[in-house]
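Asker: Got a predicted model here, sequence first, then my questions.
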Amino acid sequence: MRIYFYAALLLLSSGTLLAQERNFQLGIIGSSQLSYLNSNQGNANTGSALLFGFGGLAEYSFADRYAFTSGFEYLNRGGSLEINDTTTDYRAGFIQIPLQIKMRTRQFGYSTYFAEMGFAIGFETGEEVSWDPASSRDFGSLISLFDATFRIGMGMEYDLGGQTKLLGRLQYHRALTDNLLSDEDPRLSDQFNYRFDYVSLSVGILF
């Protein structure tokens with residue numbers, strides 16, 4: 001009886017693990033970002049830049065049409081800022097960790113549609129700043145090391161067979177923290193916000 005008990009327990013545990021494996025998927029993704037500097041400073045004119053990134057996906061389905069998604073993203077963000085006839089172009093690389101909830105429709109043919117929303121925390125990995133006209137001043141870091149964003153979007157998954165899916169998504173990302181350090185640039189003030197918001201278009205594969 002003890003042998004049968006242990007055998008049943010082993011089968012139950014194996015079935016649970018297999019079910020968990022079916023609910024968990026990994027993937028890769030590439031993206032393009034229309035990134036722009038968003039500021040409420042009255043005398044500032046802002047501009048955008050088309051930038052690129054890539055990353056990895058991790059998705060856990062905790063219910064029939066609901067999933068928790070995370071992973072990592074390496075991407076570039078930035079924009080331009082014109083104040084008092086001086087234009088500054090900002091480019092910065094970020095490593096981001098997203099935390100999102102995904103809500104799916106039922107499958108239509110080979111396609112499933114979804115909406116998702118959540119947050120991401122990020123850290124700057126490097127920056128490039130240029131001035132027009134050129135400045136001879138030796139600035140320190142002009143972009144904040146820490147970053148946090150809110151994101152919301154929608155997309156589609158196409159079933160390629162088995163567990164493999166091709167996905168595409170469109171997302172809006174709103175920065176929750178200032179990305180520029182106003183202490184380093186005399187044109188800026190801590191009374192205003194300077195944030196790298198962006199819209200991203202991504203294509204990836206879930207395995």
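Answerer: Okay, I see it. Numbers count the residues shown, from 1 in each chain.

Asker: Report how many residues lie close to residue 137.
Answerer: In terms of burial, residue 137 registers 8 neighbours under the definition other CB atoms under 10 Å. C-beta here means a position set from N, CA and C on the backbone, and glycine is covered the same way.

Asker: Now do the SS call for it.
Answerer: Secondary structure state of residue 137, per DSSP: H, G, I helix; E, B strand; the rest coil, is coil.

Asker: how close does it sit to residue 129?
Answerer: Distance check for residue 137 against residue 129: by CB to CB, to the nearest Å, it reads 11 Å.

Asker: cool, and residue 71?
Answerer: Per CB to CB, residue 71 is found 29 Å from residue 129.

Asker: would you list every one of the strands in the protein?
Answerer: When assigned using DSSP state E, the strands of the chain occupy the ranges 24-39, 45-63, 66-83, 86-104, 111-132, 146-161, 164-175, 194-206.

Asker: partner residues bridging residue 165?
Answerer: As for beta bridges, residue 165 partners with residue 159, residue 206 under DSSP bridges.

Asker: Run through the bridge partners of residue 113.
Answerer: Using DSSP bridges, the beta-bridge partners of residue 113 come out as residue 156.

Asker: List the contacts of it.
Answerer: The contact partners of residue 113, by CB atoms under 8 Å, 6 or more residues apart in numbering, come to 104-105, 154-157.

Asker: tell me the pLDDT at it?
Answerer: Turning to residue 113, the model gives it a pLDDT of 98.

Asker: what does residue 162 give?
Answerer: pLDDT, residue 162: 88.

Asker: now swap in residue 96 and tell me
Answerer: Reported pLDDT at residue 96 in the predicted model: 98.

Asker: from what I can see it touches residue 124, true?
Answerer: No. With contact defined as CB atoms under 8 Å, residue 96 does not reach residue 124; the gap is 10.4 Å.

Asker: which residues are common contacts for the two?
Answerer: Taking CB under 8 Å, 6+ apart as the contact criterion, the residues that touch both residue 96 and residue 124 are residue 147.

Asker: So for these two, which residue has more residues nearby?
Answerer: With neighbours defined as other CB under 10 Å, residue 96 and residue 124 compare such that residue 96 has more, 22 against 17.

Asker: what's the spacing between the more buried one and residue 171?
Answerer: When distance is defined by CB to CB, residue 96 is 12 Å away from residue 171.

Asker: just residue 66 next, same as before
Answerer: Counting by CB to CB, the gap between residue 66 and residue 171 amounts to 18 Å.

Asker: do the same with residue 159
Answerer: Taken as CB to CB, the span from residue 159 to residue 171 is 22 Å.

Asker: neighbour-wise, which of these two wins?
Answerer: Legend: neighbour count by other CB under 10 Å for residue 159 and residue 171, higher for residue 171 (22 against 14).

Asker: residue contacts, the nearest residue to the more buried one once chain neighbours are set aside?
Answerer: Taking CB to CB, 6 or more residues apart in numbering as the measure, residue 171 lies nearest to residue 153, with 3.1 Å between them; neighbours along the chain are not counted. Applying CB under 8 Å, 6+ apart, one finds that residue 153 lies in contact with 115-117, 169-172, 200.
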